[in-house]
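Colleague: What shape does this take:
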Amino acid sequence: MSETQKASSGKPRVQCAGFDSGEAEGGPRAGGFDSNEVDREPGTAGPVSSGRRSFLGAAAALITASVAGVTPLAAKAAPAQDITPESDIGPLSDRKRAKQSCNLRISAAKTELQRAVADHPNNGDEQLYPNKIGNFSKGLPHNSLGEVNLAAYNSLIAALTSGSGADFEAIVLGVGKKLTNPQAGLAFDMMGADSHALVQAPAPALSSAEEASEMGENYWQALTRDIPFSQYGTNPVTNQAVADMSRFSDFRGPKAGGQVTPDTLFRSGFPGTLGGPYISQFMWMNTPFGVERIDRQMQTTVAGVDYLTSYSDWLNVQNGGSAPADQFDPVRRYIRNGRDLGQWVHIDVLFQAYFNGLLILSSIGARLDAGNPYVHSRTQTGFGTLGDPYNASIVAAVAKMALKAVWYQKWYVHRRLRPEEFAGRIHNHVTHAATYPIHSDILNSAVLGQLFNKYGAYLLPMAFPEGCPTHPAYGAGHATVAGACVTVLKALFDESFVIPNPVQASDDGLSLQPYTGPDLTVGGELNKLAANVAIGRNIAGVHWRTDATESLKLGEEVAIRFLTEEHECFNEQYAGLSLTKFDGATVII
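Modeller: Numbering: from 1, shown residues only. Okay, here's the model as predicted:
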């Protein structure tokens with residue numbers, strides 16, 4: 001900027017520490033760093049990769065241009081004649097405030113940059129099996145066994161490797177169904193952890209006993225979709241499921257006395273999820289929406305109608321073929337069984353369950369977390385920070401970051417096959433059409449006989465006409481978003497608060513009745529809400545148990561990193577908000 005331009009702008013240009021010489025002004029949180037450090041991996045003298053270097057260099061150039069007076073499109077300086085005398089007040093001058101804002105952003109970015117570089121191991125199936133039988137391939141062309149065309153699979157890998165828009169457009173599809181947003185895994189975010197900085201443990205391998213147990217659970221979930229959760233202890237089919245699931249050698253779901261029981265069947269083992277009704281109160285209680293009130297009865301689908309149970313239908317959908325329309329129950333009902341829950345998570349809005357939870361928590365008078373400074377303030381309440389409008393905004397905001405994080409895991413690390421794909425492998429193996437490395441635990445399971453007697457095949461009966469989505473199984477998008485949003489809610493509210501007047505659905509789903517068992521707490525019911533959403537997708541047939549449990553933890557880490565940065569941006573002075581993680585540990589943010 002020329003001296004003439006500086007004079008006409010009305011104010012001297014602002015220098016931000018880390019991009020201009022000199023120390024930062026503006027308080028103890030202003031922590032800039034030398035621009036030379038941006039291009040260096042933590043603990044090394046050498047440069048980072050060219051991709052990250054070009055990104056960080058572009059970001060540094062953009063911020064430098066901004067703070068040096070190059071006018072962004074949305075922030076053009078007013079003409080000199082329009083400038084009026086300043087009358088704003090506050091602890092920082094405009095110049096110092098601009099420096100502190102810049103330094104906060106740089107400090108947050110530096111904190112993330114200095115974390116250990118993450119390794120991203122997968123289960124090795126893609127390298128182990130040349131025909132890619134252990135990996136997701138729905139939507140690509142397949143042979144009669146449902147094995148993917150290798151040239152098509154390689155075109156997908158080429159696009160994922162290069163990141164080129166032209167390569168993504170060159171992916172070879174089957175009969176037309178498009179892949180779901182693989183480029184989202186390459187997107188950056190301006191807050192919190194970068195998607196590539198987060199890690200999920202490898203998914204169970206195709207031939208493992210753990211994979212066999214998870215497939216057995218998926219099969220039993222399909223066969224019991226129409227049984228009310230309240231009848232799990234007395235229904236003969238769920239009792240068969242309990243006995244069979246207890247036989248699996250590496251089933252890692254919750255148990256009691258070393259056995260799967262009706263009280264642990266298809267549940268999560270996270271704190272609070274094994275007590276009370278299967279469904280969280282936040283899925284049943286009427287929800288205030290401003291001056292409106294939402295009755296939680298939903299449009300569910302017809303009992304007994306499942307999809308992809310014939311081989312021709314299954315193969316058509318693997319190739320990207322079209323599917324029939326859903327068949328709906330004409331009567332609206334409260335969620336009372338697996339089919340209802342599966343349909344709820346079929347067409348829900350991304351953060352719907354948790355926004356509902358926030359509205360319910362406010363309406364029942366749930367206490368805010370004791371660390372919230374406005375709990376103890378004599379003169380103030382929260383609003384734009386640490387109050388109701390702020391709380392609502394961050395429940396939604398963190399969902400976007402969670403999606404970017406999990407889409408990286410899906411497409412660029414794991415590419416895990418879906419349960420419906422693995423069921424096709426089992427069907428062809430059992431019928432001797434092919435031979436696959438499938439663990440004997442599932443091949444010897446009583447569930448296969450049940451399936452064949454009912455459907456004449458060993459395929460997984462799907463709740464959705466289209467089957468699973470056209471993106472890989474692991475991690476799970478719904479579960480990652482659930483983990484992130486619920487973690488935010490646990491930080492905002494007192495988890496020990498007991499929910500007043502709890503309810504449960506009648507077995508026909510037509511009414512809500514009082515629940516009279518042990519107390520249900522906010523923390524437990526929020527964990528249960530996250531588990532309901534995550535495992536509801538499993539019950540529908542589109543995800544595995546580890547997709548749910550590990551992705552809830554991925555979302556939790558997304559939220560914790562986000563909330564940590566949020567804390568640094570507030571003027572309020574407070575020790576932090578507390579929350580209980582899914583593993584039972586307490587953290588302060």
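Colleague: mind listing what's buried in stretch 114-130?
Modeller: Within stretch 114-130, the residues that count as buried by 16 or more other CB atoms under 10 Å are Asn122, Asn123, Asp125, Glu126, Tyr129. C-betas here are computed from N, CA, C, even on glycine.
Colleague: show me where pLDDT drops low in the stretch 51-200 of the chain?
Modeller: 51-86 (pLDDT under 70).
Colleague: try 90 this time
Modeller: 51-88, 94-95, 113, 116-118, 176 (pLDDT under 90).
Colleague: Break down the stretch 301-450 of the chain into its helices, ranges please.
Modeller: 311-318, 338-344, 352-363, 388-408, 419-430, 440-443, 446-455 (DSSP state H, counting those that start in this stretch).
Colleague: any chance of those in JSON lines, plus distance to Pro202, mean pLDDT and mean neighbour count?
Modeller: As requested, the helices of the stretch 301-450 of the chain are exported to JSON lines (distance: least, CB to CB, whole Å; pLDDT from 0 to 100; neighbours: other CB atoms under 10 Å):
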{"stretch": "helix 311-318", "distance to Pro202": "24", "mean pLDDT": "98", "mean neighbour count": "20"}
{"stretch": "helix 338-344", "distance to Pro202": "27", "mean pLDDT": "98", "mean neighbour count": "25"}
{"stretch": "helix 352-363", "distance to Pro202": "28", "mean pLDDT": "98", "mean neighbour count": "21"}
{"stretch": "helix 388-408", "distance to Pro202": "15", "mean pLDDT": "97", "mean neighbour count": "21"}
{"stretch": "helix 419-430", "distance to Pro202": "16", "mean pLDDT": "98", "mean neighbour count": "23"}
{"stretch": "helix 440-443", "distance to Pro202": "19", "mean pLDDT": "98", "mean neighbour count": "17"}
{"stretch": "helix 446-455", "distance to Pro202": "26", "mean pLDDT": "98", "mean neighbour count": "16"}
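Colleague: just so I know, which of those helices lies nearest Ala158?
Modeller: helix 388-408 (17.7 Å; CB to CB).
Colleague: okay, that closest one in CSV with CA atoms only?
Modeller: The C-alpha trace of helix 388-408 is given here as CSV (Å, rounded to 0.1, in the frame of the first residue of the first chain):
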residue,chain,number,x,y,z
ASP,A,388,-29.4,-20.0,24.7
PRO,A,389,-28.8,-18.5,21.2
TYR,A,390,-25.1,-19.4,21.4
ASN,A,391,-25.8,-22.9,22.6
ALA,A,392,-28.2,-23.5,19.7
SER,A,393,-25.7,-22.3,17.1
ILE,A,394,-22.8,-24.4,18.2
VAL,A,395,-24.9,-27.6,18.3
ALA,A,396,-25.4,-27.1,14.6
ALA,A,397,-21.9,-25.7,13.8
VAL,A,398,-20.0,-28.7,15.1
ALA,A,399,-22.0,-31.1,12.8
LYS,A,400,-20.2,-29.7,9.7
MET,A,401,-16.8,-30.3,11.1
ALA,A,402,-17.8,-33.8,12.1
LEU,A,403,-18.9,-34.6,8.6
LYS,A,404,-15.6,-33.5,7.1
ALA,A,405,-13.7,-35.5,9.6
VAL,A,406,-15.6,-38.7,9.0
TRP,A,407,-15.7,-38.3,5.2
TYR,A,408,-11.9,-38.3,5.2
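Colleague: Could you verify that Leu579 is part of a strand?
Modeller: Yes - assessed with DSSP: H, G, I helix; E, B strand; the rest coil, Leu579 lies in a strand.
Colleague: Look up how far Leu140 lies from it.
Modeller: 41 Å (CB to CB, to the nearest Å).
Colleague: cool, Asp94 as well?
Modeller: Applying CB to CB, the value for Asp94 to Leu140 is 56 Å.
Colleague: Just want to know which of these two has more residues nearby.
Modeller: Here Asp94 and Leu140 are compared on neighbour count by other CB atoms under 10 Å; more neighbours surround Leu140, at 25 against 12.
Colleague: Is that one in contact with Gly320, as I believe?
Modeller: Yes - here Leu140 reaches Gly320: they are 7.5 Å apart, a contact under CB atoms under 8 Å.
Colleague: Name the residues that touch stretch 292-310?
Modeller: 222, 225-226, 283-288, 313-314, 317, 323-324, 326-329, 332-335, 339-340, 343-344, 356, 420, 455, 457, 459-467, 509 (CB atoms under 8 Å, 6 or more residues apart in numbering).
Colleague: err, stretch 121-132, not the other one
Modeller: Residues contacting stretch 121-132 (CB under 8 Å, 6+ apart): 133-135, 147-148, 150, 153, 201-206, 413-416.
Colleague: now Ala402: how far from Phe188?
Modeller: Relative to Phe188, Ala402 is positioned 15 Å away (CB to CB).
Colleague: mind listing what Ile535 touches?
Modeller: Phe266, Arg267, Ser268, Arg545, Ala548 are the contacts of Ile535 under CB under 8 Å, 6+ apart.
Colleague: Now the phi/psi pair for the nearest residue to Pro461 once chain neighbours are set aside, please.
Modeller: Spatial nearest neighbour of Pro461, chain neighbours left out: Asp306 (3.6 Å); criterion: CB to CB, 6 or more residues apart in numbering. Phi and psi for Asp306, reported as degrees, to the nearest 10, are phi -120, psi 170.
Colleague: ok so, going back, where do the contact lists of Leu140 and Gly320 overlap?
Modeller: Leu173, Gly174.
Colleague: Can you verify Tyr219 is assigned to a helix?
Modeller: Yes - remark: Tyr219 belongs to a helix, assigned using three-state DSSP.
Colleague: I'd say it and Leu451 touch.
Modeller: Yes - contact criterion CB under 8 Å: Tyr219 and Leu451 qualify, at 6.3 Å.
Colleague: any common contacting residues for the two?
Modeller: By CB under 8 Å, 6+ apart, no residue touches both Tyr219 and Leu451.
Colleague: ranges for the strands of the stretch 201-350 of the chain?
Modeller: All strands of the stretch 201-350 of the chain, identified by DSSP state E, counting those that start in this stretch, fall at 287-289, 292-294.
Colleague: for this protein, which helix is longest?
Modeller: Longest helix in the chain by number of residues, with DSSP state H as the criterion: helix 545-569.
Colleague: and the angle from that one to helix 419-430?
Modeller: Helix 545-569 and helix 419-430 are oriented at 160 degrees to each other (axes from the mean of the first three to the mean of the last three CA atoms, to 10 degrees).
Colleague: what's the model's confidence in helix 545-569, averaged?
Modeller: Taken as a whole, helix 545-569 has a mean pLDDT of 97.
Colleague: repeat for stretch 257-268
Modeller: So the average pLDDT for stretch 257-268 ends up being 98.
Colleague: Just the endpoints, please. Distance across it?
Modeller: End-to-end distance for stretch 257-268: 16 Å, by CA to CA, to the nearest Å.
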